[in-house]
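>>> got a predicted structure plus its sequence, pasted below:
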Amino acid sequence: MADKTRNRLRARAARMPGVRFVRRPADDTSPAFDLGYVRTGPASRAPALIVPGGPGLASVLPYHGLRRRAAAQGLDVIMAEHRGVGLSRTGTTGEDLPRTAMTLRAAADDLAAVLDAEQVPQAVVYGSSYGSYLAQAFAAWHPDRVAAMVLDSAMSGPDDHQHVRVYARRLLWDGDDPRTVIAAKLLRGLVHSGTATLQEACEVARIVYEFAGLDTLERLLRERTAGRVHRTWRWLASLGSRETEEGSPFVMEFDLVGRIAHRELNYAPEPDGGPFDPAASLGRAARAFGPFEGAPLDLAAHWRRFEWPVIVLSGERDLRTPRPVAERIAAAVPDGVLVPVPATGHSALDTHGLAALAAVSAAGEGRHRAFAADPGALAALPRIGASRHIASIVRAGIAAETLLPRRLFCGGRGAL
């Protein structure tokens, strides 16, 4: 059944408008394989090369709606299916690519090969989350191919976990920000009372804060303290591991490309035992890929050489790639601007697609400074992106478990 499902999804993805392939040659680490990619919209000299996150997020199926909207705006968009994922998962003989083929340098060279196949001299390179790191690596190794850049939820290197720990703890554990004092106190209370483990409580808090905001987080924590919202809490607690431990063919496939995350980017650093430690949720996955070996390049050493327009998008509620990282990059790049994205968590590409497309247009047209100076323009854009539905689900779950009889949720006769 798994093979049938994969074959069906592969056929569906291959039929999507604009899907093409470029042969990547065999080398010491990989057999030859066909790299899938997609190009949509009216052709232009400098299309947007959009690189999603993960690593492991596919490009062809998950972002069909985004590309359709981009085409309606007259944007020329190219997205490459990451090696080891979806249409780029197997070699010419049909076998999965080996994990040894998964390196940042090879993935960056794949992007250059796609531009070569499309006879595109330069692109507006957009990278989200892990894709922001790959976009910067591409710029460092292929600087002549970059016309402008958008870094969304930007990463800066294998030590980013230090910034994540400090930022998230200050905000939602210590309550140093006056706005988060109540939420932090409630969160600490749940852990200290034994109602939730430290890791579970922090993972739930992060998800709700990013997707639904502080008011919803406070309500959830109050209800959980009162002994309610069991089902909603359990569902939220399960979300964190799904990307890396379960996956979904042609949507999110971490099982091969996780080698990049762990060996080159240090996704699972040594845990420090504190709250909001990114190492805690990724420790199990790390054992499958081996220890961190070192980043293949020092991005900070290249930032001063990024002489094109750069927009750094930073979600107001992003706890995974927090604001201090974005500020550091925007300050170091010669023609960089920081653009806060209001009421948004991680990855505008996935949670606020129209903001992502607006940034692409502004960077490509050299309007990046005017774009940064007009925060109201982003705030006025409607939200698109599948992840935005999480907020509605959380609020509905809290309301249902609060208002409906407790026996429906707690194992009584006819329990849900």
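Great, that's in hand.

>>> I would like the residues contacting the helix or strand where Ala113 lies, please.
Using DSSP states H and E, Ala113 sits within helix 104-117. Helix 104-117 has contacts (CB atoms under 8 Å, 6 or more residues apart in numbering) with 20, 22, 24, 29-30, 35, 37, 49, 51, 55, 78, 80, 82-83, 88, 121, 123, 133-134, 137-138, 141-142, 145, 260, 264-265, 296-297. C-betas here are computed from N, CA, C, even on glycine.

>>> what subset of the residues you listed is buried?
Taking 16 or more other CB atoms under 10 Å as the criterion, what is buried in the contacts of helix 104-117 is 20, 22, 24, 30, 35, 37, 49, 51, 55, 78, 80, 82-83, 88, 123, 133-134, 137-138, 141-142, 145, 260, 264-265, 296-297.

>>> next structured bit after the worst-scoring helix or strand of the chain on mean pLDDT?
Sorting the helices and strands of the chain by mean pLDDT, DSSP states H and E puts helix 278-289 at the bottom, at a mean of 75. Toward the C-terminus, helix 278-289 is succeeded by strand 310-315 as the next helix or strand (DSSP H and E).

>>> who are the contact partners of Ser59?
Ser59 is in contact with 37-38, 50, 52, 79-82, 86, counting by CB under 8 Å, 6+ apart.

>>> just Val257 next, same as before
Going by CB under 8 Å, 6+ apart, Val257 touches 54-56, 82-85, 102.

>>> for those, which one is nearest Phe211?
Gly54 (18.2 Å; CB to CB).

>>> ok, the closest one to Pro322 distance?
Distance, Gly54 to Pro322, using CB to CB, to the nearest Å: 19 Å.

>>> now Leu378
19 Å.

>>> how about the strands in the stretch 151-300 of the chain?
Counting by DSSP state E, counting those that start in this stretch, one finds no strands in the stretch 151-300 of the chain.

>>> could you list the low-pLDDT ranges of it?
Scanning the stretch 151-300 of the chain for pLDDT under 70 picks out the ranges 240-246, 282-286.

>>> sticking with Gly397, tell me its helix or strand.
Applying DSSP H and E, one finds Gly397 within helix 389-403.

>>> ah, wrong one, I meant Leu338
Assigned by DSSP H and E, Leu338 belongs to strand 336-341.

>>> tell me the helices and strands packed up against that strand.
On a contact count with 3 or more CB pairs under 8 Å, 6 or more residues apart in numbering; DSSP states H and E, strand 336-341 meets strand 310-315, helix 323-332, helix 368-372, helix 375-379.

>>> all good on my end, thank you.
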